[in-house]
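A.B. asks: what's the 3D shape of this:
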Amino acid sequence: MGLQTLLLAAKACDDADVTILVWDNSPDSDRDVHPSDTFSTDRSNVRILNSFHPDNPGLSVAYNGAHSLARDCGAEWLITLDQDTALPITFFETLFSCLGSNEFTNVAAIAPRVLEGTTICSPVRFVMGVPLGWFPVRRFGVSRRPISAINSGLAVRRSFLDSIGGYSTAYRIDGVDHWLCRTIYQHGQTILVVDVELQHELSVNRLSERVSLGRYESILSSQRQFLLTDRRRFPRWIASVLMPLHALKVLIRVRDKRFFRVAVREWILVLAGRLPS
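C.D. replies: Now for the predicted structure:
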């Protein structure tokens, strides 16, 4: 879904010069069809490169690989995209209409509105250092108040990534989006929210159906890493209240009690101030 809609959007915009890096973590036995074999790249402004990693080194490693490619290509912007996100055909046209404006020189990232059905799941506001889905961003334009946007569909200025040394490898899979957005505002930059909507399947909304226990442990461990690396105390204070409420919700909604025990353990580790090893 993600690659198909990405190609359609790229081909619909004559001004777009797009290099697509497909980071493939599937095992060798699953490589019967390659994306470059499946989709036509007859437009000169679009090319596809495949990079196979059956060992699945993680999301931040993949993003740093894309960052390195963007630097080698001289690209000004890097867009990260999950395979379960659908782009509208006007995606690149909307982005390019913003990039030429001088008023956005301090914008380090451009965030679309990401929906699951009719629910806004990104971007959301930081509340005392914690990104909370209860407070979705409904206004478009430059947000000088800290907000967080999920990785999928986010366009990041490559020169900003250069200045911070790329993506943090402390977040192997989860949490790298919150870390990036927090880092943007810590460096005095901003995020532009544009009037374009993407559809995305957010797995954490249905734990018992889509998320394994191991992945759930990874999500909460990354959350602990994020909270405890904020030098302010506010995020930990909020977490001390929200995490037990989350554990209670998991106990009620998820039949597997191991998820509840993981949530309680992570709450205790946050209170103790223990960073993930």
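A.B. asks: so residue 49 makes contact with residue 24?
C.D. replies: No - Residue 49 is beyond contact range of residue 24, at 10.8 Å (criterion: CB atoms under 8 Å). No exception for glycine: its C-beta is placed from N, CA and C like everyone else's.
A.B. asks: And the two? Which one has more around it.
C.D. replies: Higher neighbour count among residue 49 and residue 24: residue 24, with 17 against 14, using other CB atoms under 10 Å.
A.B. asks: Touching, that one and residue 53? I think so.
C.D. replies: Yes - counting by CB under 8 Å, residue 24 touches residue 53, with 6.8 Å between them.
A.B. asks: Which neighbours do these two have in common?
C.D. replies: Counting by CB atoms under 8 Å, 6 or more residues apart in numbering, no residue touches both residue 24 and residue 53.
A.B. asks: Bridged to the closest residue to residue 144 other than its chain neighbours, which residues?
C.D. replies: Nearest residue to residue 144, sequence neighbours excluded (CB to CB, 6 or more residues apart in numbering): residue 190, at 5.6 Å. Following DSSP bridges, residue 190 is listed with bridge partners residue 107.
A.B. asks: Apart from its neighbours in sequence, what residue is nearest residue 176?
C.D. replies: residue 60 (5.1 Å).
A.B. asks: my bad, residue 58
C.D. replies: residue 172 (3.8 Å).
A.B. asks: That neighbour and residue 120, how far apart?
C.D. replies: Distance, residue 172 to residue 120, by CB to CB, to the nearest Å: 27 Å.
A.B. asks: more crowded one of the two?
C.D. replies: Using other CB under 10 Å as the criterion, residue 172 and residue 120 rank with residue 172 on top: 19 against 15.
A.B. asks: The most centrally placed residue in the chain: what secondary structure?
C.D. replies: Centroid-nearest residue in the chain, with CA atoms, centre = their mean: residue 151, separated by 1.5 Å. What DSSP: H, G, I helix; E, B strand; the rest coil gives for residue 151 is coil.
A.B. asks: and it, what does it touch?
C.D. replies: Residue 151 is in contact with 59, 63, 80, 82, 176, 177, 180, counting by CB under 8 Å, 6+ apart.
A.B. asks: Have a look at the chain and report the helix or strand with the lowest mean pLDDT.
C.D. replies: Least confident helix or strand, the chain: helix 35-38 with a mean of 42, by mean pLDDT, DSSP states H and E.
A.B. asks: Show me which positions of the helix or strand just after that one end up buried.
C.D. replies: Per DSSP states H and E, helix 35-38 leads on to strand 46-52 as the next helix or strand towards the C-terminus. Within strand 46-52, the residues scored as buried using 16 or more other CB atoms under 10 Å are 46, 48.
A.B. asks: Equivalent analysis for stretch 109-119, please.
C.D. replies: Going by neighbour count (16+ other CB under 10 Å), the buried part of stretch 109-119 is 109, 110, 111, 112, 113, 114, 115.
A.B. asks: Find the residue closest to the third one in space, skipping its chain neighbours.
C.D. replies: Counting by CB to CB, 6+ apart, the nearest residue to residue 111 once its immediate chain neighbours are dropped is residue 149, at 3.7 Å.
A.B. asks: Quick check: phi and psi at residue 74.
C.D. replies: Backbone torsions of residue 74, given as degrees, to the nearest 10, read phi 70, psi 20.
A.B. asks: What separation is there between it and residue 162?
C.D. replies: Computed as CB to CB, the residue 74 to residue 162 distance reads 12 Å.
A.B. asks: Any idea how many residues pack against residue 76?
C.D. replies: If you count neighbours by other CB under 10 Å, residue 76 ends up with 11.
A.B. asks: residue contacts, residue 217?
C.D. replies: Contacts for residue 217 were tallied using CB under 8 Å, 6+ apart; they are residue 262.
A.B. asks: pLDDT on the host helix or strand of it, on average?
C.D. replies: Here residue 217, judged by DSSP H and E, is contained in helix 213-228. When pLDDT is averaged over helix 213-228, the result is 93.
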